[in-house]
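Novice: next one to model:
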Amino acid sequence: MADPNESQQQHAQISEAANLNQRNGQASTRKKMSRSDHDDIRERIYNLMQEFNAKGFVFGIISENGKPITGASMNLCSWWKLDVHFEKNAREVIIKYVNKNKSNTILDTARRINDTFTDATLSIFLSTMMKRCEPSSGMYPLASGVSPPWWPTGDEEWWSQLGVAEKDCPPPYKKPHDLKKPMKVGVMMSIIKHMSPDIGKIQHFIEHSQRLQDKMTNKEKQSLFEILEQEKALSVANNGNSFESSFEDHHVVATPQDVNSRKRPYFNI
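Specialist: Okay, the predicted model is just below:
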């Protein structure tokens, strides 16, 4: 008769092996996608070099997930790698810039929302997104008087930078249609920050909400898209783990001969 414990161990080993294979497959897919991105950048660099008869080039990109992609021609490679240290210094520089301009950014965003969006659009946006937050507003009935954890309390670090009058702080937990416009702006900011950096989720809900599509103007849609992208960039910049990468894994090198020939610059991958 088979030992139950032995069977369980075998099942666990098989399951672990399957999970390992799945993780390896996902890593391989990500690596292939990364190489594809590198090839695209390589082709664009080559075209620019040909067009302008370039003698040398350097570039540094912080990708959407925060990883640096850098490159240099052979005659500038040593300076770019040893003196500039873009791949090591870019994260710190970006974070300093974000922190220095954070107050102005939040205030400008709040003003942009207030000036661009109508009161009705804000109400529909909040009604739509409140149901999609985690936990959903449906778990916190208005009659209970208890607000969900993502509802602004007025104690958030960014709240004081909104310029909301004290009498409107914090916004009471009510239906969006019953809130004053400055309060709606604050709640909208809170929801966006709650879902950040998964901005794609907000965009998905907006695109699939017929009420929002019918109500929002093109100007409002464009403005919201830019606000979401800005918030995502701020979130990535403040997330130190998003910048883990190595210089060698994402570096383009081109020799002087590449500039004057049909040979493409190559990646050190």
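Novice: and this protein, what are its domain boundaries?
Specialist: 4-84+249-268, 90-238 (automatic domain parsing).
Novice: now the first one: average pLDDT?
Specialist: Going back to what we said before, that points to domain 4-84+249-268. The average pLDDT within domain 4-84+249-268 is 66.
Novice: wasn't residue 72 part of a strand?
Specialist: Yes: checked against DSSP: H, G, I helix; E, B strand; the rest coil, residue 72 lies within a strand.
Novice: that one against residue 45, yeah?
Specialist: No: assessed by CB atoms under 8 Å, residue 72 is found out of contact with residue 45, at 10.2 Å. Where you see a C-beta, it was placed from the backbone N, CA and C, and this is true even at glycine.
Novice: please say which of these two ends up with more neighbours.
Specialist: Comparing residue 72 with residue 45 by other CB atoms under 10 Å, the one with more neighbours is residue 72, at 23 against 20.
Novice: what bridges to that one?
Specialist: Here residue 72 sits in beta bridges with residue 58, residue 253, going by DSSP bridges.
Novice: look up how far residue 58 lies from it.
Specialist: As judged by CB to CB, to the nearest Å, residue 72 and residue 58 stand 5 Å apart.
Novice: over to residue 96?
Specialist: For residue 96, the distance to residue 58 - CB to CB - is 21 Å.
Novice: what of residue 74?
Specialist: For residue 74, the distance to residue 58 - CB to CB - is 11 Å.
Novice: try residue 232
Specialist: For residue 232, the distance to residue 58 - CB to CB - is 26 Å.
Novice: now residue 211
Specialist: Distance from residue 211 to residue 58, by CB to CB: 49 Å.
Novice: neighbour count winner among these two?
Specialist: residue 58 (16 against 11).
Novice: might one say that that one is in contact with residue 71?
Specialist: Yes: counting by CB under 8 Å, residue 58 does reach residue 71; the two are 7.0 Å apart.
Novice: just the element for residue 174, please.
Specialist: Using DSSP states H and E, residue 174 falls within no helix or strand.
Novice: okay, the closest residue to it other than its chain neighbours and residue 82: tell me how far apart.
Specialist: Once flanking residues are discounted, residue 174 sits nearest to residue 142: 6.5 Å by CB to CB, 6 or more residues apart in numbering. Going from residue 142 to residue 82 by CB to CB gives 61 Å.
Novice: does residue 69 sit in a helix, a strand or a coil?
Specialist: strand.
Novice: what number of residues lie near it?
Specialist: Counted with other CB under 10 Å, residue 69 comes out at 21.
Novice: I'd say it and residue 45 touch.
Specialist: No: if you go by CB under 8 Å, residue 69 and residue 45 don't touch, sitting 11.2 Å apart.
Novice: now the strands for the stretch 51-200 of the chain?
Specialist: 58-62, 68-73 (DSSP state E, counting those that start in this stretch).
Novice: residues touching residue 212, list them.
Specialist: 121, 124-125, 128, 206 (CB atoms under 8 Å, 6 or more residues apart in numbering).
Novice: ok, now which ones touch the residue nearest to residue 174?
Specialist: By CB under 8 Å, 6+ apart, the contact set of residue 142 is 173-175.
Novice: what about it, distance to residue 191?
Specialist: 16 Å.
Novice: what's the answer for residue 68, then?
Specialist: To residue 191, residue 68 is 31 Å away according to CB to CB.
Novice: with respect to residue 160, which of the contacts of residue 212 is nearest?
Specialist: Proximity of the contacts of residue 212 to residue 160 (CB to CB) peaks at residue 125, which lies at 23.3 Å.
Novice: tally of neighbours for that closest one?
Specialist: 27.
Novice: ok, which stretches of the stretch 51-200 of the chain are helices?
Specialist: 74-78, 86-116, 119-130, 181-195, 199-207 (DSSP state H, counting those that start in this stretch).
Novice: thanks a lot, catch you later.
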